[in-house]
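>>> Can you look at this prediction? I've put the sequence above it.
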Amino acid sequence: MTDREEAVDVVLVGGGIMSATLAALLTTLEPTWRILVVERRDALAQESSNAWNNAGTGHAALCELNYTPERSDGSIDITKAVHINEQFELSRELWHYLATHDRLPAGTGFLTTTPHMTFVRGAQNVQYLRRRHQALTSHPLFADLEFSDDPEQIGTWAPLLVADRDPAEPVAATRAASGTDVDFGALTRALLDDATAHGTQLLLEHEVTRLRRHRDGGWRLRVADRRWNGGRPRTVHARFVFIGAGGGALPLLQKSRIPEIRGYAGFPISGQFLRTTNPALVDAHQAKVYGKADLGAPPMSVPHLDARTVDGHGALLFGPYAGWSMKFLKHGSWSDLIRTVRPSNLIPMLAVGLRNLDLLTYLIGEVTATPTRRLRALRAFMPTAHPRDWELITAGQRVQVIKSDTHLGGVLEFGTELITAADGTIAGLLGASPGASTAAAAMVELLERCFPTHTPRWAPQLREMMPSLGGGQWDESFELDHLVDEQVTSDR
C-alpha cells in the first residue's frame, strides 16, 4: 500500500448521533477493531444532530399525537407509541451504562428534565385527548401521564398556554413530568470523544466520494480531503461500512450499487423555528408542548412550543414552519435531489407526487407564509406572544423516504428505515423522526442484521448495557446520575 492507503475494520460515514452510537457499541463489543469516522464538515453534529436543527424532544411518544392515531370507531391505537417509548428507553439504558462506566463524563449536559405536554383546543380535540389519555394510561409505560381540561390546572403546568386565552374556548392538556430535553449535539460529541479515546480515528473535513465492493468482500472507499490545504485523496479498505450521513446517506448508498437501494428516493423538507431567549418567557415555560398538525401537514411539522437547553443555556422554540428545498443537507447542494433521480426510483417519485398534492399545497403555503401568519400560529399556543421577543432561525433539513410499492407505485414514509446489503457488509439509515431518540434501537438492529455470526457472542454484553434487550424490567427511575440537569432557566 502507498502512504495514502489504509485498512480498517469499520468505516462510519457521518459525524452524527447514529455513527456516534454505533461507535459506542462497537468499541465496547470489539475493542480491538479499527474504526474510522469520516465527517465532511469541520465539526461534529452539524446537521440533523445539531441542537438547533432538531426538536431535542427525546421522543418517547408522551406528547406526540401522530404516534396515537384515532381508529374509525373512535378508539385510540397506542401500538406505535408503546414501540417508540420502548426504543427511547433503550437509548436511556445505553447512556446509563456508559455514564456508570466512566464513558460519559460529568458535565456533558446533554439531558435535562423537562415535562412533555400535549395541548389541544376545541371540544372535539378535547374529547380525543381524553380518549388518548385513557388508552395510554392503561399501559404501564404511560401510567403517570396526567390529564386536565381545567385552564387553571393547565396554567400551573405551563402558564403561557392559558394567559389571556378566551375562557370560553375548550382546552385540554396531558403532562408527563418525567420527560426530557436532549441536546443530541452535545451527546454526539461526548460519545465520539469517548470512542476516539478508545482508539477510533476521526477525520473531519473529509468526504467519501466513491465506494466500490472489493473482490475480497469488503469495500474500497475514496476519501477526499476538503481542507483548504488538504492533501491527496486517500483510499480506505473496510470490512464493514455504515452510512449515517443523514440526507447524504441516499446518494452514497446509490453509489455503492447495492440492489437493496433500488427504488428508494428522497423527499426533502426544510424547516424554520421561532426562537426566544427572553428571560421572562424562558423562566415561565418549562415544558415541551405538542399540538395537532394542520390538515395535510407532514408529521414532522406538528407544532410545538419547546423549552430547550443548549450548551447549558435556556431558550424557547416554536415551530417548525415547513419549507421545501432540493438540498438533502442544510449545508448541501441545490442539485442534491436531481442527482439522486434514477430510472428505478422515478416511478415511485411520480406516484408519491400525484397522491400527495395536499402535502405539496401545504408546503407551498408554508414557503410563502408571512411573518404575520407565523405569529398567528404561535399565538394559537401562546396568546401573549409579541414579535419583538422572537427571531426566525433555520432548522435542519429532513429527507423523507420514498420507496417503490407493488400496488401504489410508490409510498412516502415519515420515519426511519435501515437499508442493509444481503451480505451485511454495508448499511445505511434513511429518513427522519423519531431518528436520534431511537438511535440505540436502530444500531442494535443493524448489529443483528449485519453481524449475525457475532451477535450470539455479543448478546450478554448487549444485555448488560441495555437490560431491556434481555426481557428485563423497564427502569423509569434511570436519572443517569450526574448527567441529568434540572431545568435550566435563562441567563440573566
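Done, it's in.
>>> Using CSV, write down the CA coordinates of stretch 148-161.
The C-alpha trace of stretch 148-161 is given here as CSV (Å, rounded to 0.1, in the frame of the first residue of the first chain):
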residue,chain,number,x,y,z
SER,A,148,-56.7,18.1,32.6
ASP,A,149,-59.3,20.2,30.8
ASP,A,150,-59.2,22.8,33.6
PRO,A,151,-57.4,26.0,32.3
GLU,A,152,-56.4,26.8,35.9
GLN,A,153,-54.6,23.5,36.3
ILE,A,154,-53.0,23.8,32.8
GLY,A,155,-51.8,27.2,33.9
THR,A,156,-49.9,25.7,36.8
TRP,A,157,-48.1,23.4,34.3
ALA,A,158,-47.4,25.9,31.5
PRO,A,159,-48.7,29.5,32.2
LEU,A,160,-48.0,30.8,28.8
LEU,A,161,-50.6,28.4,27.2
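>>> What residues sit buried inside it?
Ser148, Asp149, Pro151, Ile154, Gly155, Trp157, Ala158, Leu160, Leu161 (16 or more other Cβ atoms under 10 Å). C-beta: built from backbone N, CA, C; applies to glycine.
>>> Same check on stretch 400-414?
Residues Gln400, Val401, Ile402, Lys403, Ser404, Gly410, Val411, Leu412, Glu413, Phe414 are the ones in stretch 400-414 that count as buried (16+ other Cβ under 10 Å).
>>> For the fifth one, give me its contacts.
Right, the one you point to is Ser404. Ser404 sits next to Arg262, Gly263, Tyr264, Ser344, Asn345, Ile347, Pro348, Gly410 when contact means Cβ atoms under 8 Å, 6 or more residues apart in numbering.
>>> By neighbour count, which of those residues wins?
Tyr264 (25 neighbours; other Cβ atoms under 10 Å).
>>> Where is the longest helix in the chain?
Among the segments of the chain that qualify as a helix by DSSP state H, the longest is helix 79-100.
>>> What's the mean pLDDT across that helix?
For helix 79-100, mean pLDDT rounds to 93.
>>> How many neighbouring residues does Pro31 have?
Using other Cβ under 10 Å, Pro31 has 9 other residues around it.
>>> Using the three-state scheme, assign it.
Classification of Pro31 by DSSP: H, G, I helix; E, B strand; the rest coil places it in coil.
>>> What's the local residue count around the residue nearest to it when sequence neighbours are not counted?
Using Cβ to Cβ, 6 or more residues apart in numbering and skipping the chain neighbours, the partner closest in space to Pro31 is His198 (6.5 Å). Number of residues near His198 (other Cβ under 10 Å) recorded here: 15.
>>> So what does Leu412 look like in phi/psi?
The phi/psi pair for Leu412 (degrees, to the nearest 10) reads phi -100, psi 120.
>>> so who does Arg262 touch?
So Arg262 contacts Arg342, Ser344, Asn345, Ser404 (Cβ under 8 Å, 6+ apart).
>>> And those residues, which is closest to Asp144?
Among the contacts of Arg262, Ser404 lies closest to Asp144 (Cβ to Cβ), at 42.4 Å.
>>> Show me the shaky parts of the stretch 1-150 of the chain.
By pLDDT under 70, the weakly predicted segments of the stretch 1-150 of the chain are 1-3, 55, 107.
>>> That one: strands as residue ranges?
Counting by DSSP state E, counting those that start in this stretch, the stretch 1-150 of the chain has these strands, from start to end: 5-13, 35-39, 111-113, 116-121, 146-148.
>>> Can I get those in JSON lines including distance to Pro456?
JSON lines is the format used below for the strands of the stretch 1-150 of the chain (distance: least, Cβ to Cβ, whole Å):
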{"stretch": "strand 5-13", "distance to Pro456": "19"}
{"stretch": "strand 35-39", "distance to Pro456": "22"}
{"stretch": "strand 111-113", "distance to Pro456": "32"}
{"stretch": "strand 116-121", "distance to Pro456": "37"}
{"stretch": "strand 146-148", "distance to Pro456": "43"}
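>>> Out of the ones you listed, flag the one nearest Thr180.
For the strands of the stretch 1-150 of the chain, proximity to Thr180 was assessed by Cβ to Cβ; strand 111-113 is nearest, at 5.7 Å.
>>> What strands line up against that closest one, and which way round?
Strand 111-113 sits in its sheet next to strand 180-182 (antiparallel), strand 484-485 (parallel), going by DSSP bridges.
>>> So for the first one, mean pLDDT?
Yep, that's strand 180-182 we're talking about. Average pLDDT, strand 180-182: 91.
>>> What is the subsequent helix or strand relative to that strand?
Next helix or strand after strand 180-182 toward the C-terminus (DSSP states H and E): helix 184-197.
>>> Following the chain past that following helix, name the next helix or strand.
strand 201-204.
>>> Please enumerate the helices of the chain.
All helices of the chain, identified by DSSP H, fall at 17-29, 79-100, 123-137, 151-157, 184-197, 249-256, 279-284, 336-339, 343-355, 357-367, 371-381, 439-450, 455-465.
>>> Check these for me and report the most buried one.
Mean neighbour count (mean count of other Cβ atoms under 10 Å) peaks for helix 17-29 among these, with a mean of 26.
>>> Can you tell me what sits against it?
Applying Cβ under 8 Å, 6+ apart, the set of residues contacting helix 17-29 is 10, 12-13, 33, 35, 37, 44-45, 49, 91, 94, 98, 103, 184, 187-188, 191-192, 194-195, 198-200, 242, 244, 429, 435-436, 439-440, 442-444, 446-447, 454, 458, 461-462, 465.
>>> and it, how far from the chain's centre?
Here the centre of helix 17-29 is set off from its chain's centre by 16 Å, with Cα atoms, centre = their mean, to the nearest Å.
>>> any idea of the angle that helix forms with helix 455-465?
100 degrees (axes from the mean of the first three to the mean of the last three Cα atoms, to 10 degrees).
>>> thinking again about what came up before, tell me the spacing between the residue nearest to Pro31 and Val38.
As judged by Cβ to Cβ, to the nearest Å, His198 and Val38 stand 18 Å apart.
>>> try Ala432
22 Å.
>>> Now Leu462: closest residue in space that isn't a chain neighbour?
Distances taken as Cβ to Cβ, 6+ apart place Leu469 nearest to Leu462, at 5.5 Å, with adjacent residues excluded.
>>> And for Tyr128?
Glu70 (6.2 Å).
>>> and that neighbour, how many neighbours?
Per other Cβ under 10 Å, the neighbour tally for Glu70 reads 14.
>>> Tell me who's in contact with it.
For Glu70, the contact set (Cβ under 8 Å, 6+ apart) comprises Ile76, Asp77, Tyr128, Arg131.
>>> tell me, how many neighbours does the second one end up with?
Neighbouring residues of Asp77 were enumerated by other Cβ under 10 Å; the total is 13.
>>> ok, it - contacts?
Neighbours of Asp77 in contact, by Cβ under 8 Å, 6+ apart: Thr68, Pro69, Glu70, Arg71.
>>> Now that Leu191 has come up, it's in contact with Leu104, right?
Yes. Applying Cβ atoms under 8 Å, one finds Leu191 in contact with Leu104, separated by 7.5 Å.
>>> intersection of neighbour lists for the two?
Common neighbours of Leu191 and Leu104 (criterion: Cβ under 8 Å, 6+ apart): Leu98.
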